[in-house]
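Undergrad: My questions are about this predicted structure, shown below with the sequence.
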Amino acid sequence: MRAGRVTSLAVDGLVDARPMTLGDRTVLLCTSRWVRADGNLTGGELVAVALGSEGPSRGGVVPLDRVDARGGGQVSSRTGSVEVSGEVVRFAGAERLVDRATGAEIESRPVAERYRIAADGRVTVEPAAPKDK
């Protein structure tokens, strides 16, 4: 804080930050990578940080990939690609569950998600459009 104002904000595991102009405000869309549970849980996310005269404020999060190897004989994962177009973020990919010992796929399902970033950094989930499915 400087003179009673927040002037900086930490984003753990920051990999990249891209500015977006939404209306008359700027939002940084930050890519973050994280590792938890002694390396058995890893992933990434997009973090929206609104910039303004009042200082930066952390907004919402868009989950990206994830690998969870904490569960005994199974590993779950979420992989895919992200597309940013204006204030809309689309994630398309799959969630899979595999047998740790054999690598055999136990189940898989497609993922198609759509998020909207607001000028104040809020993130809302929107229903996937028919072309996103």
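TA: Everything's here; your move.
Undergrad: Any stretches of the protein with poor pLDDT?
TA: With pLDDT under 70 as the threshold, the chain has low-confidence stretches at 1-6, 128-133.
Undergrad: May I have the beta-bridge partners of the residue nearest in space to the middle of it?
TA: Against the mean C-alpha coordinate of the chain, by C-alpha atoms, centre = their mean, the closest residue is Glu45 at 2.5 Å. With DSSP bridges as the criterion, the beta-bridge partners of Glu45 are Ser32, Pro63.
Undergrad: Against Glu105, how distant is it?
TA: Distance of Glu45 to Glu105, computed by C-beta to C-beta, to the nearest Å: 25 Å. All C-beta spots, glycine's among them, are computed from the backbone N, C-alpha and C.
Undergrad: same deal with Val49?
TA: Noted for Val49: a distance of 37 Å to Glu105, by C-beta to C-beta.
Undergrad: And these two? Which one has more around it.
TA: Relative neighbour count places Val49 above the other of Val49 and Glu105, with 18 against 10, counting by other C-beta atoms under 10 Å.
Undergrad: returning to that earlier point: quick check: the residue nearest to the centre of the chain touching Gly60?
TA: No - using C-beta atoms under 8 Å, Glu45 is not in contact with Gly60; the gap is 9.9 Å.
Undergrad: Now do the same contact list for Leu64.
TA: Leu64 makes contact with 31, 43-46, 78, 80, 82, 91 under the criterion C-beta atoms under 8 Å, 6 or more residues apart in numbering.
Undergrad: rerun at 7 Å
TA: Counting by C-beta atoms under 7 Å, 6 or more residues apart in numbering, Leu64 makes contact with 43-46, 82, 91.
Undergrad: Ala17 belongs to a helix?
TA: No - under DSSP: H, G, I helix; E, B strand; the rest coil, Ala17 falls outside any helix and is assigned strand.
Undergrad: Ser32 is in contact with that one, correct?
TA: No - with contact defined as C-beta atoms under 7 Å, Ala17 and Ser32 do not form a contacting pair (9.6 Å).
Undergrad: In terms of packing, which of those two has more residues around it?
TA: Ser32 (18 against 13).
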